[in-house]
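K.L.:
Turn this into a model:
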Amino acid sequence: MTQSLKIPYNRLIRLDKTSTTPVYMQIANQLSNAIQRNIIPIDTKLPGSRKLAELLQVNRNTIIAAFDELITQGWLISHPNQGTFVQHKKNQIQSKSNAFPSSTAYSFPVDNRLDLANHEHRCNYFFTDGTPDIRLGLQEELAAIFSANLKRKQHVNYFDPYTNKTETAFKKQIINYVNVTRNIQASPANVLTTHSTTTALYLCASLLLQAGDHVAISEYGYYGSHIILQHTGAQLHPIPIHQEGIDLHALEKLCQQMPIRLLYLTVNHHYPTTQSLPVQQRVKLLQLAQQYGFILLEDDVNFDFHYNNTPPLPLISSDSKGMVIYLSSIGKSIASDFNTGLLLAPANLIQELEKHKALVEANKNYFAMHTLIELIEEGTLFRHQVKVNKIYKERRDYFCSVLTRLFGDSIAFTIPEGDLAVWVTFNYPVNLMRVRTLCLLHNLYIPTTLLYQNKKLTGIRLGFAHLTFEEIDCCLTIFHQACME
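P.N.:
All right, here's what the predicted structure looks like:
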């Protein structure tokens, strides 16, 4: 049995009289922490309440309360006429009649594919699949507008669940912005706004798809979107991708073989290759949708990020038959809390989607809505987008120049006209999973979802927009060294 007097409790336990945590809980927390770290070993007899109260210079009742708490938690056990002792771990578990269960008593499906979405890391450097730099966001402007909205006396009216004034005004500004930037002739009745584009896609897929439906997707695409589509029970059919985009001959052949319910496609800045579908291909794609009657779900979340000429207009701007559903976002270049997903479609579909949205997004962020309304009305959002695009273009050019300098002809890539990433393919054998592991050892994190490797292809999508010039140098140097080992 360990002698408690050898343990310096007065140095082990530090009390903060200014803390809002009660003193007895401070003592209990620090004692339990010391027990877990084996600083106070199992079977140690603790000093009596009077002695410990003298050591810590607190009231004896405070020590008694701390002991009672630790006994309840299972860390200590009190033996009459013997004292209070640190309890063995197995006894701790057995003594907790109300211990929280470690697992369920029932089974449920586990989808291992979703494990890929866990991007936690502790590296100083990291690649993404193409995300904005939050350091360039409108922090001061957002804080000022948001704060002003909070202070307005009529802000209580925002929370009236029986009025849609705020949401109607929000949709009106969203439509004005989208119509001007994308040449879409839509009304507020044609838009669904959600907290994210993922939510919009999930709602749309859940409503339109059933188990057994046939869905066409691109051969390479965003894994999260494909999992959402597959989660409905639909059968996914990959369509090959070539230099000009999706293989429309292969798509038409598939349509002749089976009834295709929906085609999910990134027409502008295809994910992951960043290539945009040529105009002639877009016309043909719309014709195929009308001929075979499949829904054309157009994902265009990165429309605002374009650097050279006028960006190609989305398919929905040319759709007169109601075959296209347009998925995009607004506010992506500012703080993530203000990034809004939007879905454009004929009014009858939007009306039904609103019912489903009400089930999963009952609470509305009215203050964020009012903030975005002001940013759009005053032209601040548009001006900010122009500003950051200039910065991202410079970063894109520098990123590509460093890639060329380090890798030379051993890789192939096309400087993207838009988007926030570069698609890189390798001209020599390389194990990308091994490269990822080596980068991790050198303080650079690469998500597995950026890696595309099979018998025909070895490619990786590398985001550049979130990196400064110095960070680009560090990241690509580490990446290059890992590829060469």
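
K.L.:
Not counting residues beside it along the chain, what's closest to residue 190?
P.N.:
residue 344 (5.4 Å; C-beta to C-beta, 6 or more residues apart in numbering). Quick note: C-beta positions are derived from backbone N, CA and C, even for glycine.

K.L.:
was I right about the one you found contacting residue 191?
P.N.:
Yes. Counting by C-beta atoms under 8 Å, residue 344 touches residue 191, with 5.6 Å between them.

K.L.:
for the residue nearest to residue 190, which residues make a bridge with it?
P.N.:
Following DSSP bridges, residue 344 is listed with bridge partners residue 191, residue 326.

K.L.:
How much space separates it from residue 181?
P.N.:
13 Å (C-beta to C-beta, to the nearest Å).

K.L.:
swap in residue 222?
P.N.:
Distance, residue 222 to residue 181, using C-beta to C-beta: 23 Å.

K.L.:
What segments of the stretch 301-450 of the chain are strands?
P.N.:
324-330, 340-344, 411-413, 421-426, 444-445 (DSSP state E, counting those that start in this stretch).

K.L.:
for these, which one sits closest to residue 87?
P.N.:
strand 444-445 (40.9 Å; C-beta to C-beta).

K.L.:
Report back the residue of the chain that's furthest from centre.
P.N.:
residue 81 (57.9 Å; C-alpha atoms, centre = their mean).

K.L.:
ok, and it, which helix or strand is that part of?
P.N.:
In this assignment (DSSP states H and E), residue 81 forms part of neither any helix nor any strand.

K.L.:
now the one 3 residues further on
P.N.:
When elements are assigned from DSSP H and E, residue 84 belongs to strand 83-86.

K.L.:
Extract the residue ranges of the stretch 101-250 of the chain that are flagged as low pLDDT.
P.N.:
Along the stretch 101-250 of the chain, the parts satisfying pLDDT under 70 run over 115-119, 153-163.

K.L.:
can you do 80?
P.N.:
101-102, 111-121, 139, 142-143, 146-166, 243-244 (pLDDT under 80).

K.L.:
That one: helices as residue ranges?
P.N.:
139-151, 165-182, 197-208, 223-231, 248-257 (DSSP state H, counting those that start in this stretch).

K.L.:
Dump those helices into CSV; add mean neighbour count as well.
P.N.:
Output for the helices of the stretch 101-250 of the chain, formatted as CSV (neighbours: other C-beta atoms under 10 Å):
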stretch, mean neighbour count
helix 139-151, 14
helix 165-182, 17
helix 197-208, 20
helix 223-231, 18
helix 248-257, 15
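
K.L.:
Which one, of those helices, ends up nearest to residue 106?
P.N.:
helix 223-231 (20.8 Å).

K.L.:
Going by contacts, tell me the helices and strands next to that closest one.
P.N.:
helix 197-208, strand 214-218, strand 235-239, strand 260-265 (3 or more C-beta pairs under 8 Å, 6 or more residues apart in numbering; DSSP states H and E).

K.L.:
at 7 Å instead, please
P.N.:
helix 197-208, strand 214-218, strand 235-239 (3 or more C-beta pairs under 7 Å, 6 or more residues apart in numbering; DSSP states H and E).

K.L.:
What pLDDT does the model give the nearest residue to residue 442 once chain neighbours are set aside?
P.N.:
Excluding its sequence neighbours, the residue lying closest to residue 442 (C-beta to C-beta, 6+ apart) is residue 478, at 4.8 Å. With respect to pLDDT, residue 478 scores 97.

K.L.:
Residue 81 now?
P.N.:
Looking at residue 81, the pLDDT reads 83.

K.L.:
low-confidence ranges in the stretch 301-450 of the chain?
P.N.:
309-311, 335-338, 362-368.

K.L.:
before we move on, the earlier item: between residue 344 and residue 191, which has more neighbouring residues?
P.N.:
Neighbour count, other C-beta atoms under 10 Å: between residue 344 and residue 191, residue 344 has more, with 27 against 21.

K.L.:
and the gap between the more buried one and residue 278?
P.N.:
Counting by C-beta to C-beta, the gap from residue 344 to residue 278 is 23 Å.

K.L.:
now do residue 397
P.N.:
Taken as C-beta to C-beta, the span from residue 397 to residue 278 is 24 Å.

K.L.:
Ok, residue 348 next?
P.N.:
32 Å.

K.L.:
Please apply the same query to residue 442.
P.N.:
If you go by C-beta to C-beta, the gap between residue 442 and residue 278 works out to 40 Å.

K.L.:
Also residue 196?
P.N.:
30 Å.

K.L.:
Residue 184 too?
P.N.:
20 Å.

K.L.:
Looking at these two, which one has more neighbours?
P.N.:
With neighbours defined as other C-beta under 10 Å, residue 184 and residue 278 compare such that residue 184 has more, 20 against 12.

K.L.:
Contacts only, for that one.
P.N.:
Residues in contact with residue 184 (C-beta atoms under 7 Å, 6 or more residues apart in numbering) are 178, 316, 317, 344.

K.L.:
rerun at 6 Å
P.N.:
178, 317 (C-beta atoms under 6 Å, 6 or more residues apart in numbering).

K.L.:
Phi and psi next, for it.
P.N.:
Here is the backbone geometry of residue 184 (degrees, to the nearest 10): phi -110, psi 130.
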